[in-house]
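Colleague: Here is my input, please return the structure:
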Amino acid sequence: MSFGVLYVDDEINNLNSFKAAFRRDFNIHVAQSARDGRKILDTNEIGVIITDQRMPGMTGIEFLESILTVYPDTIRILLTGFSDMNAVMDAINRGQVYKYLVKPWQNDELKLYIQNALEIYQLRKENKELAHKLQLANIELEMLNRSRS
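Modeller: Model prediction:
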């Protein structure tokens, strides 16, 4: 799949580990801040965003919530070193998170979640395209019916 995977984390060691673990399987982009992550989103087609929860300036949930209207189809995964139930509920309710995972991640498990998320993203894109084609066909049919009246 050609869609990118974006990982946002303020810890450079986590970014390097992530990139090393998954660069052969996915088109990986990394960012050390929400602002840098947004720049990557604006210039690449990203299918999956994985973000750390606890970052300076903007939490992962706040970042995901801030991009929701611009990138509604992108699949969101929250990754954190802390299992905070309030953060889990916020992630689901505010950031519309697909998965909530606790660090340290297991490569095989995270790879599977990323693959599944990319498949969901692809299906969302295809559904939108089909809905648009159906809408155009309906307009064409309406016009044809009117011309016969």
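Colleague: Could you pull out the strands in the chain for me?
Modeller: The residue ranges that make up the strands of the chain, judged by DSSP state E, are 4-8, 27-31, 46-52, 75-80, 99-102.
Colleague: Adding mean neighbour count and mean pLDDT as columns, could you present those strands in a markdown table?
Modeller: (Each C-beta comes from the backbone N, C-alpha and C, glycine too.) What follows is these, written out as a markdown table (neighbours: other C-beta atoms under 10 Å; pLDDT from 0 to 100):
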| stretch | mean neighbour count | mean pLDDT |
| --- | --- | --- |
| strand 4-8 | 24 | 97 |
| strand 27-31 | 19 | 97 |
| strand 46-52 | 25 | 96 |
| strand 75-80 | 24 | 89 |
| strand 99-102 | 17 | 80 |
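Colleague: what's the closest of these to residue 132?
Modeller: strand 46-52 (19.0 Å; C-beta to C-beta).
Colleague: Indicate each strand paired with that closest one and its parallel or antiparallel sense.
Modeller: Using DSSP bridges, the neighbouring strands of strand 46-52 in the sheet come out as strand 4-8 (parallel), strand 75-80 (parallel).
Colleague: Export it to CSV, keeping only CA atoms.
Modeller: These are the backbone C-alpha positions of strand 46-52, laid out as CSV (Å, rounded to 0.1, in the frame of the first residue of the first chain):
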residue,chain,number,x,y,z
ILE,A,46,-1.2,9.5,5.3
GLY,A,47,-3.5,6.6,6.0
VAL,A,48,-2.5,6.0,9.6
ILE,A,49,-1.4,8.4,12.4
ILE,A,50,0.2,7.0,15.5
THR,A,51,0.9,9.5,18.2
ASP,A,52,2.3,9.5,21.7
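Colleague: gap between that strand and the chain center?
Modeller: Computed by C-alpha atoms, centre = their mean, to the nearest Å, the chain-centroid distance of strand 46-52 equals 4 Å.
Colleague: Next: stretch 72-84.
Modeller: With C-alpha atoms, centre = their mean as the basis, the distance from the averaged C-alpha position of stretch 72-84 to the chain average is 9 Å.
Colleague: Need the residues that contact that stretch.
Modeller: Taking contacts as C-beta atoms under 8 Å, 6 or more residues apart in numbering, the residues outside stretch 72-84 that touch it are 9, 41, 46-54, 60-61, 64, 67, 87, 91, 95-105, 113-114, 117-118, 120-121, 124-125, 128.
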